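Just to be clear, the model below is a prediction. Sequence and coordinates:
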Amino acid sequence: MCGIIGYIGARQATPLLIGGLRKLEYRGYDSAGVSVLDPALGGPSRVVRCRGKLGNLEEKLKAEPAHGTVGIGHTRWATHGRPSDENSHPHKVGPISVIHNGIIENHLQLRQELVASGSHFSSETDTEIFAHLVERQIVDGAENLTVAVRKALAKVRGSYAFVVMSDKEPGTLVAAKNSSPLVIGLGEGENFIASDVTAILAETRKVIFIEEGEMVTVTKDKVEITDLEGKPKQREPKIITWSATQAEKGGFKHYMLKEIHEQPRAVADTLVGRVDLENDDVNLDGVNLDVKNIKRIVFIACGTSYHASMVGEFLVEALARIPVEVDLASEFRYRDPIVGPGDLVVAVSQSGETLDTMEAIREAKKKGAQVFAISNVIEASIPRLADHAFYTHAGPEIGVASTKAFTTQLVAMTLLAIHLGRRTGALSRERARVLLNELVQLPNKMKEVTDQGAHLQVLARRYGGAHGFLFLGRGSQYPIALEGALKLKEISYIHAEGYAAGEMKHGPIALIDDQLPVVVLVPTGPSYEKTVSNLAEVRARQGKVLAVATRGDHDIGGHSDDVVLVPETALELQPILTVLPLQMLSYYVADQRGTDVDQPRNLAKSVTVE
Ligand code: M6R
């Protein structure tokens, strides 16, 4: 999740690029840069880039001004390579400047090939590979920049939006899109390219959205769209009527709703480069864990990340047969925990900055344990403190209530469990294959759930007036019940409890009457019948049951007042689907109550106090 902007016209590019980047900063902010050239002078472009927020780049540009009427700019959310000056975009190789949003899946192999044939890299990024590939095509005689980019794209696998500029063809920008947004803004004698309409709304509202597998060649007077084979495509421009704030939220009312809908894409990004279908295995970004000597795994985390860790316990024990404990990071160091060599402590944090989790890591390291961090923010304090880091690549999450960070944590847990299981021998190659194939299909299945917004809105109206909610689930659905209750509490301020369904009869059953909605997670699986019995116990006491069940379950309607169905998947992956309707229910209930969904009272996105 980075921000992209390009300009070609008669005005000075730098102020326009900076203005656009300012609008994109919410997408990523660990570094920024521009490459600007003046076609009249025909000279090489000037690249100015640096680590940190956009303000740092603006300061640098005062000392090193970049003049010219053609340019590209980028604000980065690191995926490959830590945030640093060298890893900032644009990347320049010979006459070619490149900015990129997305992940090049086959970057390791391409980098090896390029290095073997003499290329020198100055960054750790996957993006620089593309700059080298385009430059090679120019050296090998490609007739123009468009052809060079097309040939380079043929070598690349993954998700991308690229914009490429060449010192040798200063009147042209070339862009391409696959699974990462790209829009062209049309002006009079000038044109813009951006990852997001927000970046160009101040300049033009006349836009063309580029579609999957398309390239576009942009001059100051012309926009030519083709497919990746060069076949021309026609597209009528659209006029954007959104306000700037609406555009920032992608047309959604709140960031949280946008982020709920981003989850299929976020999960696909978490999987990129990690799923090895040839060997039925998982590559943990080159992390080599001494698996045979791991005696126990201890998850430490807070809040939503703690719930993800509870699912992690289920996954690692089931797939790798390594004993697991899950601890609240805020409690961990206060009870003199028994932890040490032989333990792998997995610290889970969306922000990578939660102080409780950092202190727990320090305690674990002091006692000799190895620490593996799962974080969404590259080079945040937690992954830096840990021995190994694994990033979820969900992109920046702005809504305080975590959604896409949670589902991508669940995917990270699954990948870790498969990786461990293949090495302990507890997970057969055949079962690993089934799970990996299911993981790959998950984004489409998630979309089938997030497409049910209208149904969830109706349910939110039906139940949103209640004073309290109960969420029930068994096995790996129990943490999802906890997460559903937390989500509702955080943004709607309605009291909610999550319970293991089998525990209901030991206490919370006393709460049940016709005023208490009970959300029951009851996907097909070994606990199905037992959970249906719990659901019957609720109904026998006039409780209102909203069931989250598996599509094809024709009986569940007879046991509940309302049903939300999710597609079938492997038992281990069900939590990633069943949590989605709970996030949506919470969102719509909160929205109907008119709360501040994105910044709920008393909460902060990153909790840096103990
Ligand atoms: O950034 P972290 O994942 O370490 O944060 C932990 C909790 O503060 C966080 O999950 C919190 O519970 C969220 N508001 C959940 O939506």
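Received, thanks.

So residue 471: helix, strand or coil?
Under DSSP: H, G, I helix; E, B strand; the rest coil, residue 471 falls in the strand class.

which residues touch it?
480-482, 484-485, 488, 496-499, 518-521, 582 (C-beta atoms under 8 Å, 6 or more residues apart in numbering). No exception for glycine: its C-beta is placed from N, CA and C like everyone else's.

What residues are bridge-paired with it?
residue 498, residue 519 (DSSP bridges).

Give me the pLDDT value at it.
The per-residue pLDDT reported for residue 471 equals 97.

Against the ligand, how distant is it?
Distance, residue 471 to the ligand, by C-beta to the nearest ligand atom, to the nearest Å: 15 Å.

Equivalent analysis for residue 452, please.
Counting by C-beta to the nearest ligand atom, the gap from residue 452 to the ligand is 21 Å.

can you count the residues close to that residue?
For residue 452, the neighbour count with other C-beta atoms under 10 Å is 16.

Now do it, the pLDDT please.
98.

quick one: secondary structure of the nearest residue to residue 57 once chain neighbours are set aside?
In space, and not counting its chain neighbours, residue 57 is closest to residue 32: 4.4 Å by C-beta to C-beta, 6 or more residues apart in numbering. The local conformation at residue 32, judged by three-state DSSP, is strand.

Give me the neighbour count for the closest residue to the ligand within the chain.
Distances between the chain and the ligand by C-beta to the nearest ligand atom are smallest at residue 303, namely 2.0 Å. For residue 303, the count of nearby residues is 23 (other C-beta under 10 Å).

next one: phi and psi at it?
The phi/psi pair for residue 303 (degrees, to the nearest 10) reads phi 50, psi -130.

Can you give me the distance of it to residue 467?
23 Å (C-beta to C-beta, to the nearest Å).

same question, residue 122
Residue 122 is 60 Å from residue 467, where distance means C-beta to C-beta.

next one: residue 266
34 Å.

and if you look at residue 187?
54 Å.

These two: which has the busier surroundings?
More crowded of residue 187 and residue 467, by other C-beta under 10 Å: residue 187, with 17 against 8.

Give the full set of residues in contact with the more buried one.
Counted by C-beta under 8 Å, 6+ apart, residue 187 has contacts 9, 203-204, 206.

Next: residue 181.
By C-beta under 8 Å, 6+ apart, the residues touching residue 181 are 101, 161, 195-196, 209.

Please identify which pair of those lies farthest apart.
Farthest apart among the contacts of residue 181 by C-beta to C-beta are 101 and 209. That separation is 14.8 Å.

Does residue 423 belong to a helix, a strand or coil?
Secondary structure assignment for residue 423 (three-state DSSP): helix.

Please name the nearest non-neighbouring residue to it.
Using C-beta to C-beta, 6+ apart, the closest residue to residue 423 is residue 291 (3.9 Å).

Next secondary structure element downstream of the lowest-mean-pLDDT helix or strand in the chain?
Lowest by mean pLDDT, DSSP states H and E among the helices and strands of the chain is helix 244-248, with a mean of 72. Proceeding N to C from helix 244-248, the next assigned helix or strand is helix 255-261, under DSSP states H and E.

Okay, buried residues for that next one please.
Buried residues in helix 255-261, defined by neighbour count with 16 or more other C-beta atoms under 10 Å: 255-261.

so what's residue 96 up against?
131, 134-135, 138, 164-167.

If we use 6 Å, what do you get?
Contacts for residue 96 were tallied using C-beta atoms under 6 Å, 6 or more residues apart in numbering; they are 131, 134-135, 166.

Mind listing what's buried along the least confident helix or strand of the chain?
246-248.

same question, stretch 545-552
545-550.

Kindly export it (C-alpha atoms) in PDB.
Taking C-alpha atoms only, stretch 545-552 is exported to PDB below (Å, rounded to 0.1, in the frame of the first residue of the first chain):
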ATOM      1  CA  VAL A 545     -30.300 -16.300  17.800                       C
ATOM      2  CA  LEU A 546     -28.300 -15.000  14.900                       C
ATOM      3  CA  ALA A 547     -26.300 -17.900  13.500                       C
ATOM      4  CA  VAL A 548     -23.100 -17.700  11.300                       C
ATOM      5  CA  ALA A 549     -23.100 -20.900   9.400                       C
ATOM      6  CA  THR A 550     -21.700 -22.600   6.400                       C
ATOM      7  CA  ARG A 551     -23.400 -22.300   3.000                       C
ATOM      8  CA  GLY A 552     -25.300 -25.500   2.200                       C
END
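
wait, which of the buried residues of helix 244-248 is closest to residue 374?
Nearest to residue 374 among the buried residues of helix 244-248, with distances taken as C-beta to C-beta, is residue 248, at 28.1 Å.

you'd agree that closest one is up against residue 198?
Yes. With contact defined as C-beta atoms under 6 Å, residue 248 counts as touching residue 198 (4.8 Å).

what's the neighbour count on residue 254?
For residue 254, using other C-beta under 10 Å, the count is 20.

which one is it nearest to, not counting chain neighbours?
residue 597 is the one closest to residue 254 (C-beta to C-beta, 6+ apart), at 4.6 Å.

Buried residues of stretch 274-284, list them for me.
Buried, per 16+ other C-beta under 10 Å, within stretch 274-284: 274-275, 280-282, 284.

And it, end to end?
6 Å (C-alpha to C-alpha, to the nearest Å).

Give me the mean pLDDT for it.
94.

Which residues does that stretch contact?
If you take C-beta under 6 Å, 6+ apart as the criterion, stretch 274-284 is touched by 415, 418-419, 422, 429, 432-433, 436.

farthest pair in those residues?
415 and 429 (16.0 Å).

if you count what's nearby, which of these two comes out ahead?
Applying other C-beta under 10 Å to residue 415 and residue 429 shows that residue 415 carries more neighbours, namely 25 against 10.

which ones are touching that one?
274, 282.
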